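1. here's my sequence, what's the structure:
(one chain, ligands or ions: 3)
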Amino acid sequence: MALWSILKVRVRASLRNFQRPLTTIASRVDERVRVRLGEVVGSGNVSSSLAVREQHGRDESFHACKPPDVVVWPENTAQVRQLARICYDHSVPMVPYGTGTGIEGGVVAEEGGVCFDLSRMTDIVDLHEEDLDVTVQPGVTRVALNTHLRHTGLWFPVDPGADASLCGMAATSASGTHTTRYGSMRENVANLEVVLADGRLLHTAGEGRHTRKTSAGYNLTNLFVGSEGTLGIITSATLRLFPQPEAVASAVCPMPSVTAAGECTLQLLRSGVPLARIELLDDVMMDACNRYKGLDYAVQPTLFLEFHGTPASVQEQIRTAEEVLSGYGAGQLRWALAASERARLWEARHQAYYAARALRPGSVGYVTDVCVPISKLPEVITTTKEDLIQSRLTGPIAGHVGDGNFHCILAFSEHGEQERQRITEFCHRLVTRALAVGGTCTGEHGVGVGKRGYLLDEVGETGLEVMRQLKRALDPKGLMNPGKVV
Ligand SMILES: Cc1cc2c(cc1C)N(C[C@H](O)[C@H](O)[C@H](O)COP(=O)(O)OP(=O)(O)OC[C@H]1O[C@@H](n3cnc4c(N)ncnc43)[C@H](O)[C@@H]1O)c1[nH]c(=O)[nH]c(=O)c1N2
Ligand SMILES: CCCCC(=O)C(=O)O
Ligand SMILES: [Mn+2]
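-> Ligands and ions are numbered 1, 2, ... in the order given. From the prediction side, this is the model:
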C-alpha cells in the first residue's frame, strides 16, 4: 500500500478516536492521596521511587516507558477495594500490573496515576480436584500453579512463553502452544472476582460459582477476559483444569517451505488428529533458536508437534500425522520422548522472542500478532515472508499455526529511524492483509496502545461504540488504565 494510503487510514482512525474522548483529565497523585494509600497498605507496600516507577511503566515490548506516579502492592482484595475507592474519590487513574510481560504496552501509565502491582497476592484459594477447577489470586503465575498441581494429576494448559500471572493472562485473553487442543483464556476462565473503578466487588458468574457452563444472563466473565485493566482489577480467577495426559510425544519436523508447512497444518487439522501442539518456526527463527539455546536443528521451516493421549491413541495419532506430513514433503522427524528432552524443546519455542532479539544484541523487539481463518494461513504467511524479504527486514516467524495465529519478531535498534519506519509500514501491511481475509489484528497479545488504531477497522463503528458504552457504564470517570484498547 502506498505511504499516502497508510497515512490516510491512520489519520481516519485517530480522528475517530479523537471525536469520542473517553477519559476526563484525571488528577495526578498528590501528597494527600499518597498518605491515604500508605495508610491502607502500610509504608512497605507503597513506593514513589523513580526506579520502581520506571520499572512499572513499561512491559517487555519496545513501547516507551511512561511511569505511574506511585506503585502500591496490596495484599488482599479488601485493600484493593479501599485503594480503588481512594483513587475514585480523587479522580486518579489506576493501572493494574501482573508480571509486566505484556507486549502491547498495556501497563504503560499513559496518564500517570497509581500502579496496582498485584504480585503479593499469591494464594491458590480453592482447588476443587473433583470438579477440575481452581481459584487463584493475581500474583499466581502459570508455572507456580502447575508446580502446585504437579502431584494432583491435573494441570492448567494455557502457556504463553513468559511465566505470566494468570489474572494478567485473563486480562489479555492470552493463549499459547496448547491452545489448538485446550483453548485460550476465553474458554478456560469460569469466574472472575473484579474490583470495579469505584471499589465495588463483582463476581462475574456469581459469588462461589464454578460450573462447567452457564446460561444465566450476560457473559460478564468474557467481558472481562481481554479487558486489559480498562474495566476493573481482577483479584481472583477461577480456572478449568485438565487431567495430565498419560502419554506424550513431541517431534520436530523440517518442511520444504512455510507454504508447505501451512498447507500441511490445515490437512492435519482436517484429518481429525487431536494435535496437542503444532507450532511453525521459519528458517530464520530456527537459526535464532539454535544459536540462543545451543541446538542443532536443520535451518529450514519447521513444525514442532506434540501428541497427548493413552499410549495406544498417541501411536495412532502419530501414524496418521506421519502419513499427512509425508504428503507435504516433510523431512525426517526428530522425536523428543523423554520429559527432559521435551522440556528443552518447548523452552526453546517459549523463548523465541529473546532468541530473535539476540540476533541483534542490544535491540528491542517489535512483535506482530495476527490471526486469520485457518484456511487463509498458508496464503497470508507466504505473502508475509515475501514481504519481509522485499522490505529487507530480519523478522523471524513463529506461529501457533493450529489456531491460524502467527508472529513476526522484528528486532531493531532504537536509534535507527529509517529501519523503524520500514518496520511500522511492514506491520501495517501485515495487519491490513489479515483483516482483509476475515482475520484479527491480535490473536492473543491484546490491543494495549499498539493496536488501538486498528480496532475500528476490525469491529466497525457500532462495535467500537458499544465497547465504549460498556466502558463508560463501568468506568464513568475513565480512570481504569486510560489510553488503552478503546
Ligand atoms: C517471551 C514472551 C513470550 C510470550 C509473551 C511475552 C513474552 C515476554 N506473551 C505476552 C504476555 O506474557 C501475555 O500478554 C500475558 O498474558 C501478560 O500477563 P502479565 O501478568 O505479565 O500482564 P501485564 O502485567 O503485562 O499486563 C498486561 C495487561 O493486563 C492488565 N492486567 C494485568 N493484571 C491484571 C489484573 N489482575 N486485573 C486487570 N488487569 C490486569 C494490565 O493493566 C495490562 O493492560 C504471550 N502472550 C500470549 O498470549 N501468548 C504467547 O505465546 C505469549 N508469549
Ligand atoms: C514470538 C513472539 C512473542 C511472544 C509470543 O507470543 C510467542 O512466543 O508465541
Ligand atoms: Mn504467541
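
2. for the stretch 101-250 of the chain, which residues are neighbours of ligand 2?
-> Counting by Cβ under 6 Å from any ligand atom, the positions of the stretch 101-250 of the chain adjacent to ligand 2 are Gly161. Every C-beta, even on glycine, is put in place using the N, C-alpha and C of the backbone.

3. what residues are up against the closest residue to ligand 2 within the stretch 101-250 of the chain?
-> Closest contact between the stretch 101-250 of the chain and ligand 2, by Cβ to the nearest ligand atom, is at Gly161 (4.0 Å). Applying Cβ atoms under 8 Å, 6 or more residues apart in numbering, we find Gly161 in contact with 176, 349-353.

4. so how many other residues sit close to Arg34?
-> By the criterion of other Cβ atoms under 10 Å, Arg34 has 17 neighbours.

5. mind checking the SS state of it?
-> What DSSP: H, G, I helix; E, B strand; the rest coil gives for Arg34 is helix.

6. now it. Nearest residue, chain neighbours left out?
-> Val70 (5.9 Å; Cβ to Cβ, 6 or more residues apart in numbering).

7. try Ala288
-> Ala355 (4.2 Å).

8. that's a helix at the one you found, yeah?
-> Yes: assigned with three-state DSSP, Ala355 falls within a helix.

9. my read: it touches Val284, true?
-> No: with contacts counted by Cβ atoms under 8 Å, Ala355 stays clear of Val284, the gap being 10.3 Å.

10. of these two, who's got more company?
-> Ranked by neighbour count (other Cβ under 10 Å), Ala355 and Val284 place Ala355 first, with 26 against 21.

11. chain center to the longest helix seen in the chain, what's the gap?
-> Ranked by residue count, the top helix of the chain under DSSP state H comes out as helix 452-474. The chain centre lies 20 Å from the centre of helix 452-474; the measure is Cα atoms, centre = their mean, to the nearest Å.

12. do it and ligand 1 meet?
-> No: for helix 452-474, no contact with ligand 1 is found by Cβ under 6 Å from any ligand atom; the gap never falls below 12.2 Å.

13. which other helices and strands contact that helix?
-> Here helix 452-474 touches helix 3-19, helix 417-436, going by 3 or more Cβ pairs under 8 Å, 6 or more residues apart in numbering; DSSP states H and E.

14. weakest of the ones you listed in terms of mean pLDDT?
-> Among the helices and strands packed on helix 452-474, helix 3-19 has the lowest mean pLDDT, at a mean of 46.

15. ligand 1 contacts on the stretch 201-350 of the chain?
-> Within the stretch 201-350 of the chain, the positions near ligand 1 by Cβ under 6 Å from any ligand atom are 228-229, 233-234.

16. SS state for Glu228?
-> When classified by three-state DSSP, Glu228 comes out as coil.

17. what's the neighbour count on it?
-> Residues near Glu228, counting by other Cβ under 10 Å: 23.

18. where does the chain have its least confident helix or strand?
-> helix 3-19 (a mean of 46; mean pLDDT, DSSP states H and E).

19. circling back: put the alpha carbons of the longest helix of the chain into PDB.
-> The C-alpha coordinates for helix 452-474 follow below in PDB (Å, rounded to 0.1, in the frame of the first residue of the first chain):
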ATOM      1  CA  ARG A 452      -5.700   0.900  19.100                       C
ATOM      2  CA  GLY A 453      -5.700   2.400  15.600                       C
ATOM      3  CA  TYR A 454      -7.000  -0.900  14.200                       C
ATOM      4  CA  LEU A 455      -9.900  -1.700  16.400                       C
ATOM      5  CA  LEU A 456     -12.300   0.500  14.400                       C
ATOM      6  CA  ASP A 457     -11.400  -1.300  11.200                       C
ATOM      7  CA  GLU A 458     -11.800  -4.600  12.900                       C
ATOM      8  CA  VAL A 459     -15.100  -4.300  14.800                       C
ATOM      9  CA  GLY A 460     -16.700  -1.500  12.900                       C
ATOM     10  CA  GLU A 461     -18.300   1.800  14.100                       C
ATOM     11  CA  THR A 462     -21.100   0.100  16.000                       C
ATOM     12  CA  GLY A 463     -18.800  -2.500  17.600                       C
ATOM     13  CA  LEU A 464     -16.500   0.200  18.800                       C
ATOM     14  CA  GLU A 465     -19.300   2.400  20.100                       C
ATOM     15  CA  VAL A 466     -20.800  -0.500  22.100                       C
ATOM     16  CA  MET A 467     -17.400  -1.200  23.600                       C
ATOM     17  CA  ARG A 468     -17.200   2.500  24.600                       C
ATOM     18  CA  GLN A 469     -20.600   2.500  26.000                       C
ATOM     19  CA  LEU A 470     -19.700  -0.500  28.200                       C
ATOM     20  CA  LYS A 471     -16.500   1.200  29.300                       C
ATOM     21  CA  ARG A 472     -18.500   4.400  30.300                       C
ATOM     22  CA  ALA A 473     -21.100   2.300  32.200                       C
ATOM     23  CA  LEU A 474     -18.400   0.500  34.300                       C
END
